[in-house]
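Based on what follows, work out the 3D shape:
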Amino acid sequence: MPKVKRSKKPPPEGWELIEPTLEELEQKMREAETDPHEGKRRSEALWPIFKIHHQRSRYIYDLFHKRKAISRELYDYCLKENIADQNLIAKWKKAGYENLCCLRCIQTRDTNFGTNCICRVPKSKMETGRIIECVHCGCRGCSG
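Numbers count the residues shown, from 1 in each chain. Below is the predicted model:
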């Protein structure tokens, strides 16, 4: 996950409205990166980082596409500066992927049988009472 680094170009109008939330998410990201990982599996140590990355991208996506609270110029700036994940947002726009947690969950090369991640199986098709966590990001079901 790239850190939020701004270019020398000044941010567009409206940046001051979203900056405090992005700074707070950046602080959480720093804490997650420096969190001790003793006693955790290797992939489990990365789960908080994936979660915060998802939150930051979802925040920008909701502001532009759902609430129409930011301008196209500010949205493009956030994508260009890697504040939000452009590829993840592109998937959210497609039917069936509205709640996708991370891009690794839909990559078939990362699974044993060449299918999607277990978190992409609808909860109605799963056994009742069984808790499933994604190996990649810790998601408990993002397909709905």
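
Was I right to think C142 contacts N99?
Yes - using C-beta atoms under 8 Å, C142 is in contact with N99, at 4.7 Å. Glycine gets a C-beta too; all of them are placed from N, C-alpha and C.

what about those two, which has more around it?
Legend: neighbour count by other C-beta atoms under 10 Å for C142 and N99, higher for C142 (19 against 14).

so who does the more buried one touch?
C142 makes contact with N99, L100, C101, C105, C119, R120, according to C-beta atoms under 8 Å, 6 or more residues apart in numbering.

For those residues, pick the one with the most neighbours.
Within the contacts of C142, C101 tops the neighbour count with 25 neighbours, counted by other C-beta under 10 Å.

Let me see the contact set for it.
Contacts of C101 were listed using C-beta under 8 Å, 6+ apart, and they are F50, H54, C119, C134, C137, C139, C142.

out of the residues you listed, which are inside helices?
Under the assignment DSSP state H, the contacts of C101 contribute F50, H54 to helices.

mind listing what's buried in the longest helix seen in the chain?
The helix spanning the most residues in the chain, taking DSSP H as the definition, is helix 15-34. Along helix 15-34, these residues count as buried under the neighbour rule (16 or more other C-beta atoms under 10 Å): I18, L22, L25, K28, M29, A32.

What of stretch 44-55?
Taking 16+ other C-beta under 10 Å as the neighbour-count basis, stretch 44-55 is seen to contain the buried residues A45, L46, W47, P48, I49, F50, K51, I52, H53, H54.

same thing with stretch 91-104?
Neighbour counts over stretch 91-104 (16+ other C-beta under 10 Å) mark W92, Y97, L100, C101, C102, R104 as buried.

was I right about C102 contacting R120?
No - the pair formed by C102 and R120 falls short of the contact definition of C-beta under 8 Å, at 10.8 Å.

shared neighbours of those two, anything?
Overlap between the contact sets of C102 and R120, as judged by C-beta under 8 Å, 6+ apart, is nil.

Quick check, pLDDT for the residue nearest the centre of the chain.
Centroid check for the chain by C-alpha atoms, centre = their mean gives H54 as the closest residue, at 1.7 Å. The confidence metric pLDDT takes the value 96 at H54.

And it, how far from F64?
As defined by C-beta to C-beta, to the nearest Å, H54 lies at a distance of 16 Å from F64.
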